[in-house]
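Engineer: no FASTA, just this:
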DNA sequence: ATTGTCATTTGTCTATGACAAAAGTCATTA
DNA sequence: TAATGACTTTTGTCATAGACAAATGACAAT
């Protein structure tokens, strides 16, 4: 019978639970002296749960802009102090309704949370719901997670619920079809699909036919998809996760590979920071500018029909 | 200006696209002589799309029971012959409705596809829809993708649409609440959430309150989530992606960390192959056995209320 | 304010050896 | 017959350390 040492974690488990990658963990150990796992009889690393927690905190600080070299070696106490100091603490005017939603969440009142969401959808209508509920709720939960105020699974729960409500809202859309067809996706390395779903709903409200092919689609697959679906436009969503240079490379690739008859819309926090984007791309700086951005497309379509 | 060699894939991309892991790719090359990538100027492997296709086929054969040593070195032609011979090629009675859905997909008729799905939902009712449409459709598209008959983005599109329809179906559920509360998730390394959503819908139809916290939740987070939500049961979904030993390790960890007052249900293709699962776990071998599995829980709940 | 260089930091790749876990083989037992 | 246990082979993952490319920061020049 093998004694199950529950709290001893292998490098694989650590890599999975932190998202750090085995090579990265080993090279941190070599360079910064942390993590500092014990070893099994034959030299395999075994990590303590404390090290896992500390690694999670380090990941959070790195996401906020700290660099590994300056924080990986710090003690837990020092890390905690650093985490407190991080600026990011500006959120002046938050809608009390949104604040209440987050309180429900933290209290584990999921049914009430669901009901409140659908209630807000009915009150505000689909468009208002996107602007006044989804957007701030996502921002606040994201911030709260980064500060460690709510666990990641609550953020996942929110995402689940929001996508359910969006789907329900989509089911109620009764806009007259305009004939415009838009393909939606994100590029590889971008796992967040909520922005795309918000855009999808707004487009449907305008009578646009949408084709959502999920997240992380490589450029050549997008090319193929354009061939198959023959959309009038391709809408891409960028969160803040991806690296600028990677995005630029892929944008150039898109510029070359996507037929020039297809317009390309790009939106999200990851894109508004970029300079020197090819003219090809219509950058949507705020989600409420979407209406404006698709007007030329609708006009073009009408002109072509005549 | 760097020339963009679009079709040359790095080991990382191959690892992602095949699910094979970098170490494994390198050791296959060392031992069996395949894959046999070219190298960049400084020795990094670059794989051709053909090798990717061949690797995908190899993965499929391994899933079907072949062993790496006997197939990795084979040529494409020999692999194809082998794939033909494999039993698994028995899919005699496929519902023509499902077949038609896939044809619509391949033709890019997305609007018709969406309409057909909602039509089937209305016809079959939510329960029938899960058994007779979602399950076979997912299986067929998965198989078709593995055989290279449909591109991955179509599979993603199907996933998107199914989750939309499921959410709509959930919105229409009117079962009387039983008071039973179930937390749903998957373990780290398991990115597929559709199985979980199917279960969620079926549970809601039985008047169960569900809390879906998304995919890939580490065990200690599940522990915390149980503390917050106080569910009567935890339902986990396993696809065929994960390794048996990894699953076993996590199951044991769960067994220890999740309060014994919480029942644990486990379902999906990844779990039914396993032996020596702790008694703790209720294994659901077929999704249509779910009803049976939760009956004891309902009974228990009633008994406790009195 | 943008662009270009340079140094530094950081992550990933490579190679090879070692070994544990899984799977196959085969004899023995109930 | 089928199950059990011991042995062998296969297969995947881990370790080490060097190399280098990609990302970042600092500073100068346009």
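Structural biologist: Alright, I've got the coordinates. Keep in mind that this is a model prediction, so the values were computed, not measured.

Engineer: where do the strands of chain A begin and end?
Structural biologist: Counting by DSSP state E, one finds strands in chain A at the ranges A:38-39, A:45-46, A:181-185, A:209-212, A:233-237, A:263-267, A:281-284.

Engineer: let's have those strands in CSV, adding distance to chain B, mean pLDDT and mean neighbour count.
Structural biologist: From N, CA and C alone the C-beta is placed, and that goes for glycine too. Output for these, formatted as CSV (distance: least, Cβ to the nearest Cβ, whole Å; pLDDT from 0 to 100; neighbours: other Cβ atoms under 10 Å in any protein chain shown):
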stretch, distance to chain B, mean pLDDT, mean neighbour count
strand A:38-39, 18, 93, 10
strand A:45-46, 13, 94, 19
strand A:181-185, 8, 97, 25
strand A:209-212, 5, 97, 22
strand A:233-237, 12, 95, 26
strand A:263-267, 17, 92, 22
strand A:281-284, 18, 89, 18
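
Engineer: list the contacts for the closest residue to residue A:130 other than its chain neighbours?
Structural biologist: Distance criterion Cβ to Cβ, 6 or more residues apart in numbering or on different chains; nearest residue to residue A:130, sequence neighbours excluded, is residue A:198 at 5.1 Å. Residue A:198 sits next to A:130, A:134-135, A:166, A:287 when contact means Cβ atoms under 8 Å, 6 or more residues apart in numbering or on different chains.

Engineer: top of those residues by neighbour count?
Structural biologist: Greatest neighbour count in those, by other Cβ atoms under 10 Å in any protein chain shown, goes to residue A:134: 26 neighbours.

Engineer: got the residues of chain A near DNA strand D?
Structural biologist: Within chain A, the residues that sit near DNA strand D (Cβ under 7 Å from any atom of the strand) are A:10-12, A:22-23, A:26-27, A:30, A:43-45, A:65, A:67, A:243-246.

Engineer: quick check, residue A:188 in contact with residue A:220.
Structural biologist: No. Applying Cβ atoms under 8 Å, one finds residue A:188 not in contact with residue A:220, separated by 10.7 Å.

Engineer: where's the nearest residue to residue A:177 once chain neighbours are set aside relative to residue A:284, distance?
Structural biologist: Residue nearest to residue A:177 in three dimensions, not counting chain neighbours: residue A:207, with 5.2 Å by Cβ to Cβ, 6+ apart. Distance, residue A:207 to residue A:284, by Cβ to Cβ, to the nearest Å: 18 Å.

Engineer: just to check, residue A:20 is in contact with residue A:14?
Structural biologist: Yes. Applying Cβ under 8 Å as the test, residue A:20 and residue A:14 come out as touching, 7.2 Å apart.

Engineer: any common contacting residues for the two?
Structural biologist: Listed as contacting both residue A:20 and residue A:14 by Cβ under 8 Å, 6+ apart are residue A:55.

Engineer: which residue is the nearest non-sequential neighbour of whichever residue of chain A sits closest to DNA strand C?
Structural biologist: Taking Cβ to the nearest atom of the strand, DNA strand C has its nearest neighbour within chain A at residue A:69, 1.9 Å off. In this structure, residue A:69 finds its nearest non-sequential neighbour in residue A:32, 7.0 Å apart by Cβ to Cβ, 6+ apart.

Engineer: low pLDDT regions in chain A?
Structural biologist: A:1-7, A:86-93, A:146, A:240-245, A:273-276 (pLDDT under 70).

Engineer: quick check, central residue of it?
Structural biologist: The centroid of chain A falls nearest to residue A:192 when counting by Cα atoms, centre = their mean (3.0 Å).

Engineer: that residue: what's it in contact with?
Structural biologist: Shown here is residue A:192, whose contacts under the criterion Cβ under 8 Å, 6+ apart are A:186, A:215, A:237, A:239, A:241.

Engineer: any chance of a markdown table for the residues you listed, columns distance to residue A:160?
Structural biologist: Converted to a markdown table, these look like this (distance: Cβ to Cβ, whole Å):
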| residue | distance to residue A:160 |
| --- | --- |
| A:186 | 18 |
| A:215 | 15 |
| A:237 | 18 |
| A:239 | 17 |
| A:241 | 19 |
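
Engineer: what's the closest of those to residue B:151?
Structural biologist: residue A:215 (15.3 Å; Cβ to Cβ).

Engineer: for that closest one, grab the count of nearby residues.
Structural biologist: Residues lying near residue A:215 (other Cβ under 10 Å) number 20.

Engineer: distance-wise, check it relative to residue A:38.
Structural biologist: Remark: distance between residue A:215 and residue A:38 (Cβ to Cβ) = 38 Å.

Engineer: quick revisit: out of the contacts of residue A:198, which one sits closest to residue B:149?
Structural biologist: Among the contacts of residue A:198, and counting by Cβ to Cβ, the member closest to residue B:149 is residue A:166, at 30.9 Å.

Engineer: OK, contacts around the closest one?
Structural biologist: Listed by Cβ under 8 Å, 6+ apart, the contact set of residue A:166 reads A:134, A:197-198, A:200-201.

Engineer: next: residue A:267.
Structural biologist: By Cβ under 8 Å, 6+ apart, residue A:267 lies in contact with A:195, A:199, A:235-238, A:283-285, A:287, A:290.

Engineer: flag every buried residue along stretch A:16-36.
Structural biologist: Buried residues in stretch A:16-36, defined by neighbour count with 16 or more other Cβ atoms under 10 Å in any protein chain shown: A:16-18, A:20, A:22, A:25, A:28-29, A:32, A:34-35.

Engineer: check stretch A:52-66 too.
Structural biologist: For stretch A:52-66, the neighbour count (16+ other Cβ under 10 Å) marks A:52, A:54-58, A:60-61, A:66 as buried.

Engineer: filter these down to the ones close to DNA strand C.
Structural biologist: Within those, nothing lies near DNA strand C by Cβ under 7 Å from any atom of the strand.

Engineer: can you give me the helices in chain A?
Structural biologist: Per DSSP state H, chain A carries helices over the ranges A:11-18, A:22-32, A:49-63, A:68-71, A:76-85, A:96-106, A:110-129, A:135-146, A:152-171, A:194-205, A:219-229, A:244-257, A:269-272, A:290-305.

Engineer: any idea which of those helices gets closest to residue B:152?
Structural biologist: Checking the helices of chain A against residue B:152 by Cβ to Cβ gives helix A:219-229 as the closest, at 6.8 Å.

Engineer: tilt between that closest one and helix A:244-257?
Structural biologist: Per axes from the mean of the first three to the mean of the last three Cα atoms, to 10 degrees, the angle that helix A:219-229 makes with helix A:244-257 is 40 degrees.

Engineer: run a quick neighbour tally on residue A:129.
Structural biologist: 23.

Engineer: how much space separates it from residue A:96?
Structural biologist: Separation of residue A:129 from residue A:96 (Cβ to Cβ): 16 Å.

Engineer: can you check residue A:198 too?
Structural biologist: Distance from residue A:198 to residue A:96, by Cβ to Cβ: 22 Å.

Engineer: likewise for residue A:155?
Structural biologist: 21 Å.

Engineer: who has more neighbours, those two?
Structural biologist: residue A:155 (19 against 8).

Engineer: is it true that that one touches residue A:139?
Structural biologist: No. Here residue A:155 lies out of contact with residue A:139, judged by Cβ under 8 Å, at a distance of 11.5 Å.

Engineer: next, the residue of the stretch 201-306 of chain A at minimum distance from chain B: phi, psi?
Structural biologist: Nearest residue of the stretch 201-306 of chain A to chain B (Cβ to the nearest Cβ) works out as residue A:214 at 3.3 Å. In terms of degrees, to the nearest 10, the main-chain angles of residue A:214 are phi 80, psi -170.
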